[in-house]
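*Asks:* Pasting a predicted model and its sequence here:
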Amino acid sequence: MDGRNLKIRLISDIDSFISFEESWNNFLEQCVNNDFFLSYNWFKTFFSTQRFSGNLRILVFEEGGRILGAAPLVKDRGTIRTPGGWKIPISANKIHFIADDLAPRCDFPVIDNPEPALTKIAEYLASISSEWEIIAFRQIPDSSPNLPVLKRIFDRFNLDTIITDDSICPYRVFNHSDPQSKSQMIYPSSARQERLINKGLRELKKKGKVEIKTSRNGDLSILESHIAEIEYESWKRKQKRRLFSNDMAEFTSMLMKSAAVSDQLFVILLYFNEIPIAYNLGFIYKNKYYSYSSAYKERFAHYKPGYILHREVVRIMDNMNLEEHDFLMGDSRYKRSFCNNVRQNHLIRVFNSHPASRTLFTIFRGIRPLYKQFKKSLFPARNGDSSKYL
């Protein structure tokens, strides 16, 4: 396949995508980068619950009636942020991934060789360059087959690109070929940490009744209320990152419902004297576990309830013979302690020849090195190779 016979199908309205369910699911099953955050359930939940004012641009590339690649994109207008998260006082037309502010991972789903489909994507974006000043593709993992070829393809169409690091995503690969692996220490942290977790659990049990309950498709209203209660007394209340805050409750509720129907939902809660004090919510998809969100009540921090639950989840997923436990975005210490690998997500910004776009290109090309130097001076790197948590 050289891409010359690829035809583009443009899906520009939500109803058309909703009716595209079977075709999308069949296509994604064959993709080399099939991911929960590219699934039909994920996009449908977003469209059904979030205020959507952008111009939908889902590109589907077909050859002989077979879908070979896709680009789930949207065009809108808004402010621009620097690598450090500061707003630039410039409003620009942007093209980006759908729901990229909610998805821990984004990508172009492709079958086999990604270059023909990516070439068509770049060709299409170059052909509508009058409609945008900046393109931002966030959270593309370094494991993506697309990453090595994207810059080369955009260069071919005289579109400048800047590729920077985005989120770090620790994950654990299970070794089921070793029959001793389930009886050994389940994560590559210190024996001291294992003792601290066991100590916290013992102390909690001395003070009252301790229960750990899991659910795949139980009473979701009860699960939702318990998660909301935990988050309200956690650090997430101050950070305004609660799953059941006013702006996220409908999205979270529908996502849990659709995942439960698809047998993808996994929820585990830690109870003390029948009161929920910690939770972990995730999704099982294509033999991988995506740890989507977790929290604990801060007044129980001494007992390490978060660590207790994460250790239990890792054991459960290992016993289910899953391939991988993905902790998603965030280079937190607790995540690293349970993982033996790490992914680096990347952000690709693309610029055209328009004056506004050239201004943004100059800003980002100049800001990024300064920001990295400033950040490095404030937060020196840890000793050793931070890309390996072994």
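*Replies:* Nice, I can see it. Numbers count the residues shown, from 1 in each chain.

*Asks:* From here on, just use CA atoms for contacts and neighbour counts.
*Replies:* Fine.

*Asks:* All the strands of the stretch 151-300 of the chain, residue numbers only.
*Replies:* Under the criterion DSSP state E, counting those that start in this stretch, the stretch 151-300 of the chain carries strands at the ranges 160-173, 210-215, 265-272, 275-285, 288-296.

*Asks:* can you pull the buried residues of the longest one?
*Replies:* Judged by neighbour count (16 or more other C-alpha atoms under 10 Å), strand 160-173 contains these buried residues: 160, 161, 163, 165, 166, 167, 168, 169, 170, 171, 172.

*Asks:* Okay, domains of this structure per the record?
*Replies:* Residue ranges for each domain of the chain read 7-167+343-378, 175-322, as given by automatic domain parsing.

*Asks:* Please go through this protein and pick out the longest strand.
*Replies:* strand 66-81 (DSSP state E).

*Asks:* For the helix or strand just after that one, which outside residues touch it?
*Replies:* Heading C-terminal from strand 66-81, the first helix or strand you meet, by DSSP states H and E, is strand 87-97. Contacts of strand 87-97 from elsewhere in the structure, counted by C-alpha atoms under 8 Å, 6 or more residues apart in numbering, are 71-82, 106-107, 131-138, 356.

*Asks:* now do stretch 309-316
*Replies:* Applying C-alpha under 8 Å, 6+ apart, the external contacts of stretch 309-316 come out as 182, 186, 212, 268, 269, 270, 278, 279, 280, 325, 338.

*Asks:* Check the offset of it from the chain's centre.
*Replies:* On the basis of C-alpha atoms, centre = their mean, to the nearest Å, the separation between the geometric centre of stretch 309-316 and that of its chain is 20 Å.

*Asks:* Which residue ranges of the stretch 201-350 of the chain form helices?
*Replies:* If you assign secondary structure with DSSP state H, counting those that start in this stretch, the helices in the stretch 201-350 of the chain sit at 220-232, 236-239, 249-261, 305-319, 333-338.

*Asks:* so can I have a markdown table of those showing mean neighbour count?
*Replies:* Conversion of the helices of the stretch 201-350 of the chain to a markdown table gives the following (neighbours: other C-alpha atoms under 10 Å):
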| stretch | mean neighbour count |
| --- | --- |
| helix 220-232 | 19 |
| helix 236-239 | 12 |
| helix 249-261 | 18 |
| helix 305-319 | 19 |
| helix 333-338 | 18 |
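
*Asks:* Would you single out the least confident of those helices?
*Replies:* By mean pLDDT, the lowest-scoring of these turns out to be helix 236-239, with a mean of 83.

*Asks:* what distance separates that one from the centre of its chain?
*Replies:* Using C-alpha atoms, centre = their mean, the distance between the centre of helix 236-239 and that of its chain works out at 20 Å.

*Asks:* Render the CA-only coordinates of it in PDB, please.
*Replies:* These are the backbone C-alpha positions of helix 236-239, laid out as PDB (Å, rounded to 0.1, in the frame of the first residue of the first chain):
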ATOM      1  CA  LYS A 236      -8.500  16.400  44.600                       C
ATOM      2  CA  ARG A 237     -11.000  18.700  46.200                       C
ATOM      3  CA  LYS A 238      -8.400  21.500  46.500                       C
ATOM      4  CA  GLN A 239      -7.000  20.700  43.000                       C
END
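
*Asks:* What are the contacting residues of it?
*Replies:* 231, 242, 295.

*Asks:* My guess is the last one contacts residue 276. True?
*Replies:* Just to be clear, that refers to residue 295. No: applying C-alpha atoms under 8 Å, one finds residue 295 not in contact with residue 276, separated by 10.8 Å.

*Asks:* okay, those two: which has more neighbours?
*Replies:* Set side by side, residue 295 and residue 276 show unequal neighbour counts under other C-alpha atoms under 10 Å, the larger going to residue 295 at 24 against 21.

*Asks:* need the contact list for residue 100.
*Replies:* Residue 100 makes contacts with 106, 138, 139, as judged by C-alpha under 8 Å, 6+ apart.

*Asks:* So it: helix, strand or coil?
*Replies:* coil (DSSP: H, G, I helix; E, B strand; the rest coil).

*Asks:* And it, how close does it get to residue 229?
*Replies:* From residue 100 across to residue 229, the span is 27 Å (C-alpha to C-alpha, to the nearest Å).

*Asks:* List the residues that contact residue 174.
*Replies:* With the criterion set at C-alpha under 8 Å, 6+ apart, residue 174 makes contact with 318, 321, 322, 323, 324, 325.

*Asks:* Oh, that last question was meant for residue 171, not what I typed.
*Replies:* Going by C-alpha under 8 Å, 6+ apart, residue 171 touches 324, 325, 326, 327, 328, 335, 338, 339, 340, 341, 342, 343.

*Asks:* Can you get me a residue count around residue 112?
*Replies:* Applying the criterion other C-alpha under 10 Å, we find 13 residues in the vicinity of residue 112.
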